[in-house]
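K.L.:
The following block contains a protein sequence and its predicted model.
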Amino acid sequence: MKRPQTGGCAAGFRVGLVPMLMGVLLAAHSLSGCSPDSAGAAGAAQDFRRAVAGGDPSTACSMLSPHTREEAAAESNCEDELPLLDLPADGAVLRTESYGRNAMVVFEDDTLFLSVSGTGWQVTGAGCLQRGESPYDCEVGG
Amino acid sequence: MKAALRNNGLSLFFGLIFLLALLGQGLTGHALFNEEQLSAGLDEISLGQYLTSSSFAVDVSENWQSEYLQFLLYITATIWLVQRGSPESKELHKTGLESDKQQLVAEYSNAKSPAWARARGWRLTVFSNSLGATMGLIFVLSWLVQSIAGNSAYNEEQLSNFQQPAAWAEYVASAEFWNRTLQNWQSEFLAVGSMVVLAIYLRQRGSPESKPVGSAHDDTGATG
């Protein structure tokens, strides 16, 4: 006698559970900070590479985060140092991953790391190559 | 109004201190997050941005899931497991789901019994397990939110350290996820176990969580 009743209960339970689960997942997704603006990160990364390729270190340096710019200017100043580095400038975006206030944009030859600042995305690492489980090895930043 | 406050004092008190503690967690978490942002040479974020961040969500949900797991286990384990002398346990001979007569259901219900307790059927089954099921559902959902928000917070940190982010399936199998989970679980299990055992020998006059002060140590299930 009790079996069909329990089954009916379970069926009714699932009807309510699905929208509830979807609601929680949507809330979790919005709270997870996924992709604040993936396209913006990819755009900023491409702008940086265009500035490097176009021989415009001043613009490229202005797109670095202050912390990274300081590192790039360790020897003299960023505008003089950046053209000396072996930064890939060609290649398409393969994928972008962004979580919270950080993103990585993977190109064919290297990866750029970016972080949200008050005015948009700033590059925190450029010319980065994967080294297994270790942090990426970057020409700038890292 | 005064009577309403008095009649609901326990839930109002815990509701209020919950909100105050959550506010405190939000404010101190925001300050800590910004300290870390500054030390990494990054911009500070607003309180609103922090309260909707994965960092805050994972910190809140990882504690919620463990609390609801604690109550789920306690509610269900005490159906079958007893502890001689503990007011947290029922009497030793009452293990199990008990009879309909003891539970005041169906033909043994009374005029004040909730409607779903009066008739047999799926409603009685649901209502008979509604407390454990609700605690279990909140536990599962909180744990799910912890895994999603935790994955995002973990990946945000991975990216800030120039490391590869992890997929959700990788994250839920990671040491980070299980360390966050188990450090909460162990403290909950210790607290419940301590309460069960300490209440055998110690008393708190007037509290229903304690036996009456003069009760014998081997009195089981008595509350006062």
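P.N.:
Sure thing, it's come through.
K.L.:
And the residue of chain B that's closest to chain A?
P.N.:
Closest to chain A within chain B is residue B:41: 2.6 Å, counting by CB to the nearest CB. Using the backbone N, CA and C atoms, a C-beta is placed for each residue, glycine as well.
K.L.:
Determine the three-state secondary structure at that residue.
P.N.:
Taken by DSSP: H, G, I helix; E, B strand; the rest coil, the conformation at residue B:41 corresponds to coil.
K.L.:
residue contacts, it?
P.N.:
Under the criterion of CB atoms under 8 Å, 6 or more residues apart in numbering or on different chains, the neighbours of residue B:41 are A:65-68, A:70.
K.L.:
isn't residue A:53 right next to residue A:88, touching?
P.N.:
No. Between residue A:53 and residue A:88 there is no contact under CB atoms under 8 Å: 9.1 Å.
K.L.:
can I see the domain layout of chain B?
P.N.:
B:1-52, B:67-93+B:131-224 (automatic domain parsing).
K.L.:
Please tell me how far the last one is from the chain's geometric centre.
P.N.:
Remark: domain B:67-93+B:131-224 is offset 6 Å from the chain centroid, using CA atoms, centre = their mean, to the nearest Å.
K.L.:
That one and chain A in contact?
P.N.:
Yes. Remark: domain B:67-93+B:131-224 sits within contact range of chain A at B:137, B:141, B:144-145, B:148-149, B:151-153, B:155-156, B:158-165, by CB under 8 Å from any CB of the partner chain.
K.L.:
Just the buried ones from those, in PyMOL syntax?
P.N.:
Per 16 or more other CB atoms under 10 Å in any protein chain shown, the buried members of the residues of domain B:67-93+B:131-224 next to chain A correspond to this PyMOL selection:
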select buried, chain B and resi 137+141+144+145+148+149+151+152+153+155+156+158+159+160+162+163+164+165
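K.L.:
what kind of secondary structure is residue B:215 in?
P.N.:
coil.
K.L.:
Could you pull up the residues touching the nearest residue to it once chain neighbours are set aside?
P.N.:
Take residue B:215 and drop its neighbours on the chain: the residue closest to it by CB to CB, 6 or more residues apart in numbering or on different chains is residue B:222, 5.2 Å away. Residues in contact with residue B:222 (CB under 8 Å, 6+ apart) are B:87, B:211-212, B:215.
K.L.:
Contact partners for whichever residue of chain A sits closest to chain B?
P.N.:
Proximity of chain A to chain B (CB to the nearest CB) peaks at residue A:67, 2.6 Å away. Residue A:67 makes contacts with A:124, A:141, B:40-42, as judged by CB under 8 Å, 6+ apart.
K.L.:
Restricted to buried residues, select those in ChimeraX.
P.N.:
Buried residues among the contacts of residue A:67 (16+ other CB under 10 Å), as a ChimeraX selection:
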select /A:124,141 /B:41,42
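K.L.:
Identify the farthest-apart pair in the contacts of residue A:67.
P.N.:
Farthest-apart pair in those is A:141 and B:42; separation 12.1 Å (CB to CB).
K.L.:
okay, and the common contacts of those two?
P.N.:
A:65, A:67.
K.L.:
in a helix, that's where residue B:144 is, yeah?
P.N.:
Yes. Under three-state DSSP, residue B:144 falls within a helix.
K.L.:
Which ones among the residues of domain B:67-93+B:131-224 next to chain A map onto helices?
P.N.:
Among these, DSSP state H puts B:137, B:141, B:144-145, B:148-149, B:151-153, B:155-156, B:158-160 in helices.
K.L.:
Let me see the backbone angles for the residue in chain B sticking out farthest from the centre.
P.N.:
Distance from the centre of chain B peaks at residue B:41, with 37.9 Å (CA atoms, centre = their mean). The phi and psi values for residue B:41, taken as degrees, to the nearest 10, are phi 70, psi 20.
K.L.:
Kindly report the same for residue A:131.
P.N.:
Per degrees, to the nearest 10, the backbone of residue A:131 is at phi -130, psi 60.
K.L.:
What of residue A:110?
P.N.:
phi -160, psi -180.
K.L.:
what bits of the chain have low per-residue confidence?
P.N.:
Just so you know, I chose chain A. Across chain A, the ranges flagged by pLDDT under 70 are A:1-36, A:119.
K.L.:
ah, no, chain B please
P.N.:
B:224.
K.L.:
which stretches of it form helices?
P.N.:
B:2-7, B:9-39, B:47-51, B:54-80, B:100-103, B:115-118, B:122-128, B:130-160, B:168-172, B:175-201.
K.L.:
Which strands or helices does the last one pack on?
P.N.:
Using 3 or more CB pairs under 8 Å, 6 or more residues apart in numbering or on different chains; DSSP states H and E as the contact criterion, the elements in contact with helix B:175-201 are helix B:54-80, helix B:130-160.
K.L.:
again with the second one
P.N.:
With contacts defined as 3+ CB pairs under 8 Å, 6+ apart, helix B:9-39 has these neighbours: helix B:47-51, helix B:54-80.
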